[in-house]
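Enquirer: Give me coordinates for this.
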Amino acid sequence: MPSLADLRKSYERAELSEDASHADPFVQFEQWLQEAIAAEVPEPNAMTLATVAGNMRPSTRVVLIKGFDARGIVWYTNYDSRKGQELAGNPWAALQFHWVELERVVRIEGLVEKVDPAESDAYFKSRPLDSRIGAWASPQSQVISGRGVLIANAARYGAQFLLQPPRPPHWGGYRLKPDSWQFWQGRKNRLHDRLRYTRDGDMPWLRERLAP
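Expert: Numbering: from 1, shown residues only. The predicted structure follows:
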């Protein structure tokens, strides 16, 4: 096994300048996300979600972005999961996209709220049947005796709901409303490009360059 201290990579694919970046971070994010999709990077919609528990211990996990607009970034999950419980106690969270092949990172921070139930209903209906049954079958983040519990639950709910499982009351969407963005582009000699966008209320976004 090579020494971890000797693992190095030179970042030389692209650059991120103030002149070439968008004044609106949502537009900049959409451009980078579309470029990640077009480049066929593995799971370009995967993002790390960080939350904080009441005892101030942070936790992270990977979730999938399922939509975004000027209101914020949307994903769906079990409201009773660890992340759901932590968001109920502390609605501030952070997201991170890491597109390794493009040498890019996007960091997003803000307040999280549940999406409208109708929006969660519409997305739930669009999911494959197995995924809809799975939302009922998995008591996410709870201790279970073995995988057989999930299989048995899936069989039970599949028989109960057949082809029309309703959205579980404990399952739905969250929206993070950004008040801070960071766009990081790897550069040669570790002199990376790093732009931060912040704003106060409805004021225009302030774009600043941070030292890498």
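Enquirer: tell me the SS of the residue nearest in space to the middle of the chain?
Expert: Centroid-nearest residue in the chain: residue 47, 3.7 Å away (criterion: Cα atoms, centre = their mean). Following DSSP: H, G, I helix; E, B strand; the rest coil, we place residue 47 in the strand state.
Enquirer: check contacts around it.
Expert: Counting by Cβ atoms under 8 Å, 6 or more residues apart in numbering, residue 47 touches 62-65, 73, 75, 95-97. Every residue, glycine included, has its C-beta placed from N, CA and C.
Enquirer: Could you measure from residue 31 over to residue 51?
Expert: For residue 31, the distance to residue 51 equals 28 Å [Cβ to Cβ, to the nearest Å].
Enquirer: can you tell me the average pLDDT over the strand or helix carrying residue 194?
Expert: Element membership of residue 194, judged by DSSP states H and E, is strand 193-198. Average pLDDT, strand 193-198: 98.
Enquirer: how far out from the middle of the chain is that strand?
Expert: 19 Å (Cα atoms, centre = their mean, to the nearest Å).
Enquirer: what's that strand packed up against?
Expert: strand 171-185, strand 206-209 (3 or more Cβ pairs under 8 Å, 6 or more residues apart in numbering; DSSP states H and E).
Enquirer: returning to that earlier point: in terms of packing, which of residue 31 and residue 51 has more residues around it?
Expert: Each of residue 31 and residue 51 has its neighbours counted (other Cβ atoms under 10 Å); residue 51 has more, 23 against 12.
Enquirer: ok, the helix or strand where that one lies: who's next to it in the sheet?
Expert: Using DSSP H and E, residue 51 sits in strand 46-52. Looking at strand 46-52 with DSSP bridges, its partner strands are strand 58-64 (antiparallel), strand 92-99 (antiparallel).
Enquirer: Tell me the buried residues within the contacts of residue 47.
Expert: Buried subset of the contacts of residue 47 (neighbour count, 16 or more other Cβ atoms under 10 Å): 63, 65, 73, 75, 95-97.
Enquirer: among those, which two are most distant?
Expert: Farthest apart among these by Cβ to Cβ are 75 and 96. That separation is 12.9 Å.
Enquirer: Quick check: buried residues in stretch 146-155?
Expert: So stretch 146-155, judged by 16+ other Cβ under 10 Å, has buried residues 153-154.
Enquirer: so for it, what's the average pLDDT?
Expert: The predicted model gives stretch 146-155 an average pLDDT of 97.
Enquirer: Make 43 the starting number, not 1.
Expert: With the count now opening at 43, the last piece we talked about shows up as stretch 188-197.
Enquirer: Helices along this protein, start to end?
Expert: 67-80, 124-131, 159-168, 171-179, 189-203 (DSSP state H).
Enquirer: From residue 68, how far off is residue 250?
Expert: 17 Å.
Enquirer: Kindly report the same for residue 96.
Expert: Counting by Cβ to Cβ - residue 96 and residue 68 are separated by 31 Å.
Enquirer: Between those two, which has more neighbouring residues?
Expert: Using other Cβ under 10 Å as the criterion, residue 96 and residue 68 rank with residue 68 on top: 18 against 10.
Enquirer: Could I get the contacting residues of the more buried one?
Expert: Residues near residue 68 by Cβ under 8 Å, 6+ apart: 110-112.
Enquirer: Most neighbours out of those residues, which is it?
Expert: Counting neighbours by other Cβ under 10 Å, the top entry in those is residue 110, with 18 neighbours.
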